[in-house]
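> Next comes the sequence, and after it the predicted model I'd like to discuss.
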Amino acid sequence: MSDSDSRGEKQGTQTVIPGQSLLGQTDIDDHRIKPGTGTLDTMNEMPNDVLLEIFSQVEPIDLFHISRATKTLRDLITKSNSRYVWKRVFDNKNGSTRKPPPCPEGVKPTHYANLLFGRNCQICGSENGDLVHWAGRLRFCVQCADEQLRDVYQRNGDPIIPLCSPCRIKSIRDFKGGFFVLEAEYLRHSRALNECDGEEAELEYKRQANMSRAGRLRLGFDIDLWNSDS
């Protein structure tokens, strides 16, 4: 997202930072994986373009895990001219099933892969990320959800809530479901409106916020529909 809704000030937060489209250039250089980084010896001898071709055949979640194996592999898989690999693995996802919506512009492919297929909380990194806010594009554990989400119905009549992107989250053990918005998104809108210089500026901000909200809700609906059919 061009304006990440994860709270960057919390230690351990994995934020979503701006990025370009996955349809980047594919001019992969011929540098090789550096030896002595803990990767397999065979990988050390493979040119990067060969490795990326191999990686383009795996599942998105597998590529996500590969990117976390070593710093060298992460650098290789996440650099800008490797984005075509991510596009290919998303396009090829489970050939017999409906492929997921494309990774949104401005969202890291690694973040998107974990959002759709992973189990890691995207705030603290734990493996208990069972709660997903599709419109906010974030996966939470119960503890982080309690801190990062705001219940819509507990803020009935709040003028900030209509600017935010609500999402229904089902109840699980230790978490009562309902409709929620991201706390960070709520606070961002609140601060921005307080800084508006006059009514005209406030109206313009709300117009832009509603456009952004519509895009988030549309993607959230598409992901939820895909997830239900998968």
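Okay, I see it.
> rest of the way, CA atoms for contacts and neighbours
Fine.
> next helix or strand past the longest strand along the chain?
Assignment by DSSP state E gives strand 178-182 as the longest strand of the chain. Counting by DSSP states H and E, the next helix or strand C-terminal to strand 178-182 is helix 183-195.
> pLDDT (mean, whole number) over the helix or strand following that next one?
With elements assigned by DSSP H and E, the helix or strand that comes after helix 183-195 is helix 199-229. Averaged across helix 199-229, the pLDDT comes to 94.
> what bits of this protein have low per-residue confidence?
1-44, 93-97, 230 (pLDDT under 70).
> any chance you could map the strands in it?
Using DSSP E, the strands of the chain run over residues 131-133, 138-140, 149-151, 167-169, 178-182.
> For these, could you give me CSV that also reports mean neighbour count?
Output for the strands of the chain, formatted as CSV (neighbours: other Cα atoms under 10 Å):
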stretch, mean neighbour count
strand 131-133, 22
strand 138-140, 27
strand 149-151, 20
strand 167-169, 18
strand 178-182, 21
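> wait, which of those strands is closest to Val107?
Closest approach to Val107 among the strands of the chain is made by strand 138-140 (11.0 Å; Cα to Cα).
> so what does that closest one touch, helix or strand wise?
If you count contacts as 3 or more Cα pairs under 8 Å, 6 or more residues apart in numbering; DSSP states H and E, strand 138-140 packs onto strand 131-133.
> which strands and helices sit next to the strand it packs on?
Strand 131-133 sits against strand 138-140, strand 167-169, with contacts defined as 3+ Cα pairs under 8 Å, 6+ apart.
> any chance of those in CSV, plus distance to Ser190?
Shown next, in CSV, are the helices and strands packed on strand 131-133 (distance: least, Cα to Cα, whole Å):
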stretch, distance to Ser190
strand 138-140, 21
strand 167-169, 19
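> thinking again about what came up before, could I get the strands of the chain as TSV with distance to Leu63?
Shown next, in TSV, are the strands of the chain (distance: least, Cα to Cα, whole Å):
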stretch	distance to Leu63
strand 131-133	20
strand 138-140	18
strand 149-151	29
strand 167-169	27
strand 178-182	28
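> Show me the one of the ones you listed that comes nearest Val89.
strand 138-140 (20.6 Å).
> can I see the domain layout of the protein?
Per the TED database, the domain ranges recorded for the chain read 44-118, 144-229.
> Of the ones you listed, flag the one that's most buried.
Counting by mean count of other Cα atoms under 10 Å, domain 44-118 has the highest mean neighbour count of the domains of the chain, with a mean of 18.
> residues touching Asp62, list them.
Contact analysis of Asp62 by Cα atoms under 8 Å, 6 or more residues apart in numbering lists nothing.
> so how far is Ala69 from it?
Distance, Asp62 to Ala69, using Cα to Cα, to the nearest Å: 11 Å.
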